[in-house]
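> fold the following for me, if possible:
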Amino acid sequence: MDTRTIWHRLDHFLVRLRPHREALSLAIDGGVVAVCWNVTYLFRLGFERWISARPAYDFWVMLGVIGLYLVAFAAAKVPQSIWRFSGFGEVKRLTMACLAAGLLSGALVQLAGLRGIPRAVLALHPGVVLMGVCLLRVGYRMLYEHARAQITGGDGEIRRALVLGAGEAAKRLLAGIHQQGWTVLGLLDDDPAKQRARIANLPVVGTLDTVRDRARRGAATHLIIAIPSARPAERRRALDLAAATGLPVLTVPSAQELLDGRASVDRVRDIEPDDLLGREPVQLDEAGIGETLRGKTVLITGAGGSIGSELCRQVARYRPARLVLYELSEFNLYTIEQALTERFPALPLVRLIGDVKDLAHLRHTYGRWQPQVVFHAAAYKHVPLMEEENAWAALRNNTLGTYHAALAAAEHGVERFVLISTDKAVNPTNVMGATKRAAEMVISSLAAEHAGTRFMAVRFGNVLGSSGSVIPKFKEQIAKGGPVTVTHPDIIRYFMTIPEAARLVLQAAAIGESGQVLVLDMGEPVKIVDLARDMIRLAGRSEAEIGITFTGLRPGEKLYEELLADADRTVPTRIERVRIAELSSTVSAGAFALDLERLLSHVDADRGAAMSWLALRVPEFTPADAALSG
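Below you'll find the model as predicted:
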C-alpha cells in the first residue's frame, strides 16, 4: 500500500528531475522568453492585430532572440542556481542578463533592417522577460515551501532517504515513515529476486553496493538501514557501505528491541553502540534463567546505574515476585522506577535509597524484604577519577561495600549473590581495577566460609554506551563539531553492549557455582580510534572536518585489557563462549574486611594509605606509575 501524499509524490518527481536541472532551467527559461515575446506583441498591438500585424520573419527573429537570452543566462550562471533558494542575488543576475540580451537583440534587429518588428516590442520585451522568469522562480519557491510544510509539518528541510533493505522491515517502515516528514527515494537489496521490484510503489534500484554510486544515490540526504533480522556481520557490512558515503546514517530498531517492545519498526533512530559491535550475540539459557528468577524476590544494588538499570529491565522480563531497587542516587532511582512502572506495571517494586557502605541498613533491608537473589552492581568505575584524589573512596565503596552487601546476604540466607566485576581487575594497574580485584577476593573468601549462599562474579570488558564510556563522549564531541579526543592511537578494548552485559550477569546467576567468576569470550578487541572514525562517518561527517586528537594515556590506563590472569584456570560451560575462571583466595573474608575497616576508620582520603593497602592485599596489583618508573 502506497502511503505517500501528493506532496511526497511531487517532491519525488522533482528529485528525479534534479540531475537534469541546468538543461531544464535553460529550456524553461527559453519557453518563458518565447511566451513573453508574444505577450509583448499582445500588449503593444491588442487582440485584433497581435498575430496578423507581424512580419513573416517574426518567428525566426523570436528564435534568435531566445538564443541570445539563453547565451546571456548561461554567461551569468543562471542555470546553476537552485530555484528553491532564489533571492535578491538571483534577481540581480537575471536583471543583468535580460538587460544585456535585450539591448543586443534590439541592436541586431535594427542593424539588420528588420523594420517589421515594432520598436516598442524590442524595448518592452526585456522587462516582460525579467518579470516572467522572476515570477516563475517565486512561484516554484512558494510551491516548494508549501510542499515542505505539508511533508515535514513545519519549516524543517525535507529529509530524503535511501533505504538499505527491502524485506518485511522495509515494508513496515514505509507504511509509517512518510507521516514523520520523510520522503523515500528508493530501496537497495542484495536479493536478486527483488531487483527492479516495487515495494509500496517505490523501486528497488540496486544492490547494497549501489549506495557507493553518487549518481544512483541522487538527492538522498540520509541513509536508513532496514535489516534488523540480518546477522551482525551483514548489518556491519551495510553500515560500512553507508558510512563511506558521507551521509548521515540511521537504522530501524534491532530485532531484540522489537522483540522487547522497546521500539516500533517505523521509527528510525541514530546508530547505537549495539549496531557497531558486529558480533553474534551470546545465546543464553533462557529456561534456566527463568527458573532462577521467576517468583523470587530479587535485590539489585546500584539499580539506577548503566548496568544496574538494564539488569532491572532484564530481570523484570522473567516475572520475579518482587524487585528491590537499592540505589544511592535519588534521581537514578526515580528514573529506573518510572521506566519499570511504565513497561511492567504489574511488577511489585521496592524503591530504596541506600548506601552499600552502610552495613546496618543493608542488614535491615535484607531482613525485611528477604531477597533470594542479589545482583551487586553498585560501584565507582571511572578509572582516571578514582586514581588519585578518590582512591580512598573507591576502596571504601568497591571493596568494603562489596563485603557489606555479600556479608548481609550470607547472614540472611540469600540463595545467590552475583558481583559485577571488570576486566580491569586482571593484573590491575589502577586503583579502580585493584579495588574490584579485592572485591573478587572477598567473594571468593565468603564462598568458602558460607556454604548456604552461592557467591559468584561476572567479569566483562568495556560496556558500550554506559555512563563514562567513550560512546556518549564521542557523540557529544561530534555534535559540537569536534575534535574527538582519543588517549592513544594504539589503545584497544574489549567491548560488549549493555543488554549483552546484563544478560551475561543473569546467566551467571543461573549456572554459576559458588566461588566462580564467569567470563565472556568477547571476540577481537576494538581499537578506540577506529570506533571514533566509525562514529564520525556514521554521523555524516568526515575525519578532516571533525578531527581526532590524541591526548595521551590517563592515570592508571592500560593500552590493552585482559579478561583472564595467567594463574586463572578456566573451564567451558554449556553456554557457548561463556567460560568459568576458578579463583582462589587464602585470606579470610572477615580478617580481610576487618583490616580494611581499620584502615578506613583511621585514614581519611589518604591515597598513599589506600595504595599501600591494595599493594599488600592484591599481590598482582602493579600501579601504572610504578610500572613506568621501573
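
> longest single helix anywhere in the protein?
Ordering each helix of the chain by length in residues (DSSP state H) puts helix 119-152 first.

> and whichever helix or strand comes after that one with helix 119-152, angle?
Using DSSP states H and E, the helix or strand that follows helix 119-152 in sequence is strand 159-164. Inter-element angle recorded for strand 159-164 and helix 119-152: 60 degrees (by axes from the mean of the first three to the mean of the last three CA atoms, to 10 degrees).

> buried ones in strand 159-164?
For strand 159-164, a neighbour-count test (16 or more other CB atoms under 10 Å) marks Arg159, Arg160, Ala161, Leu162, Val163, Leu164 as buried. Using the backbone N, CA and C atoms, a C-beta is placed for each residue, glycine as well.

> will you turn those residues into a markdown table that also has distance to Gly116?
Listed next are the buried residues of strand 159-164 as a markdown table, based on distance: CB to CB, whole Å:
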| residue | distance to Gly116 |
| --- | --- |
| Arg159 | 55 |
| Arg160 | 51 |
| Ala161 | 57 |
| Leu162 | 56 |
| Val163 | 60 |
| Leu164 | 63 |
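
> now the two most distant members of those residues.
The span of those, defined through CB to CB, is set by Arg159 and Leu164 at 15.6 Å.

> just checking, Ala451 touches Ser514?
Yes. Contact status for Ala451 versus Ser514: in contact at 7.4 Å, counting by CB atoms under 8 Å.

> which of these two has more residues huddled nearby?
Ser514 (18 against 9; other CB atoms under 10 Å).

> do you know how far the more buried one is from Arg198?
61 Å (CB to CB, to the nearest Å).

> again, but for Leu42
Per CB to CB, Leu42 is found 47 Å from Arg198.

> next: Glu440.
Noted for Glu440: a distance of 59 Å to Arg198, by CB to CB.

> which one's more surrounded, the two?
Each of Glu440 and Arg198 had its neighbours counted (other CB under 10 Å), and the higher figure belongs to Glu440 (24 against 13).

> report the buried residues of stretch 236-244.
Across stretch 236-244, burial judged by 16+ other CB under 10 Å covers Arg236, Arg237, Ala238, Leu239, Leu241, Ala242, Ala243.

> contact partners of that stretch?
Contact with stretch 236-244 is made by 164-165, 208-209, 211-212, 223, 225, 227, 230, 249, 271, 275-276, 278, 534, 537-538, as judged by CB atoms under 8 Å, 6 or more residues apart in numbering.

> quick one: which of these sit in strands?
Among the contacts of stretch 236-244, DSSP state E puts Leu164, Leu223, Ile225, Val249 in strands.

> pLDDT value on the third one, please?
The model reports Ile225 with a pLDDT of 86.

> list the residues that contact it.
Residues in contact with Ile225, defined by CB under 8 Å, 6+ apart, are Leu164, Gly165, Arg235, Ala238, Leu239, Ala242, Val249, Leu250, Thr251, Val252, Asp275.

> distance of the closest residue to Ile300 other than its chain neighbours relative to Thr207?
Excluding its sequence neighbours, the residue lying closest to Ile300 (CB to CB, 6 or more residues apart in numbering) is Phe375, at 4.7 Å. For Phe375, the distance to Thr207 equals 46 Å [CB to CB].

> try Glu22
Glu22 is 30 Å from Thr207, by CB to CB.

> quick one on the thing from earlier: what packs against the helix or strand encompassing the residue nearest to Ile300?
In this structure, Phe375 sits in strand 373-376 according to DSSP H and E. If contacts are counted by 3 or more CB pairs under 8 Å, 6 or more residues apart in numbering; DSSP states H and E, strand 373-376 sits against strand 297-301, helix 306-316, helix 401-411, strand 416-422, helix 498-511.

> among those, which is nearest Cys98?
Closest approach to Cys98 among those (CB to CB): helix 498-511, 63.5 Å.

> distance from the chain centre to that closest one, please.
24 Å (CA atoms, centre = their mean, to the nearest Å).

> just want the angle from that helix to helix 306-316.
In terms of direction (the same axes, to 10 degrees), helix 498-511 departs from helix 306-316 by 60 degrees.

> now the angle between strand 297-301 and helix 498-511, please.
130 degrees.

> can you offset everything so residue one is 58?
Got it, first residue is 58 now, which makes that one helix 555-568.

> burial count for Ala290?
Around Ala290 there are 10 residues (other CB under 10 Å).

> ugh, wrong one, Phe130
Counted by other CB under 10 Å, the residues lying close to Phe130 total 24.

> likewise the one 3 residues further on?
Ala133: 20 surrounding residues under other CB under 10 Å.

> average pLDDT for stretch 368-379?
Mean predicted confidence for stretch 368-379 is 93.

> and it, which residues are buried?
Going by 16+ other CB under 10 Å, stretch 368-379 has these buried residues: Leu368, Cys369, Arg370, Gln371, Val372, Ala373, Arg374, Tyr375, Pro377, Arg379.

> one more: stretch 396-408?
Those would be Leu397, Phe401, Leu404, Leu406, Val407, Arg408, for stretch 396-408 by 16+ other CB under 10 Å.

> same question, stretch 267-286
Neighbour-count burial for stretch 267-286, counted by 16+ other CB under 10 Å, picks out 267-268, 273-285.

> how many neighbours does the residue nearest to Ile357 have?
31.

> and what of Glu570?
Using other CB under 10 Å, Glu570 is surrounded by 11 other residues.

> state the mean pLDDT of the one helix or strand Ala514 maps to.
Per DSSP H and E: Ala514 is located in strand 511-517. Here strand 511-517 scores 88 as its mean pLDDT.

> now it - C-alpha only, CSV.
Only the C-alpha atoms of strand 511-517 are listed here, as CSV (Å, rounded to 0.1, in the frame of the first residue of the first chain):
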residue,chain,number,x,y,z
ARG,A,511,26.3,-19.2,46.2
PHE,A,512,28.8,-16.3,45.7
MET,A,513,29.9,-15.7,42.1
ALA,A,514,31.2,-12.8,39.9
VAL,A,515,30.9,-11.8,36.3
ARG,A,516,33.8,-10.2,34.5
PHE,A,517,33.5,-8.4,31.2
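
> packing partners of that strand?
strand 473-479, helix 488-506, helix 555-568, strand 573-577.

> hmm, back to that, quick one: strands adjacent to the strand holding Phe432?
strand 354-358 (parallel), strand 473-479 (parallel) (DSSP bridges).

> ok, residues contacting the first one?
It refers to strand 354-358. Applying CB under 8 Å, 6+ apart, the external contacts of strand 354-358 come out as 365, 368-369, 372, 377-384, 411, 413, 422-423, 426-435, 462.

> pop the domain breakdown of this protein in here.
63-209, 216-328, 343-518+553-578+619-683 (automatic domain parsing).

> next, the angle helix 458-468 makes with the strand holding Ala514.
Using the same axes, to 10 degrees: strand 511-517 against helix 458-468 is 150 degrees.

> partners of strand 511-517, with directions?
Take DSSP bridges as the rule and strand 511-517 pairs in its sheet with strand 473-479 (parallel), strand 573-577 (parallel).

> first-to-last residue distance for stretch 529-549?
18 Å (CA to CA, to the nearest Å).

> could you list the buried residues of that stretch?
Under the neighbour-count criterion of 16+ other CB under 10 Å, stretch 529-549 has Phe531, Lys532, Gln534, Ile535, Gly539, Pro540, Val541, Val543, Thr544, His545, Ile548, Ile549 buried.

> for the helix or strand where Tyr126 lies, packing partners?
Using DSSP H and E, Tyr126 falls within helix 115-132. For helix 115-132, the packing partners by 3+ CB pairs under 8 Å, 6+ apart come out as helix 78-106, helix 145-168.
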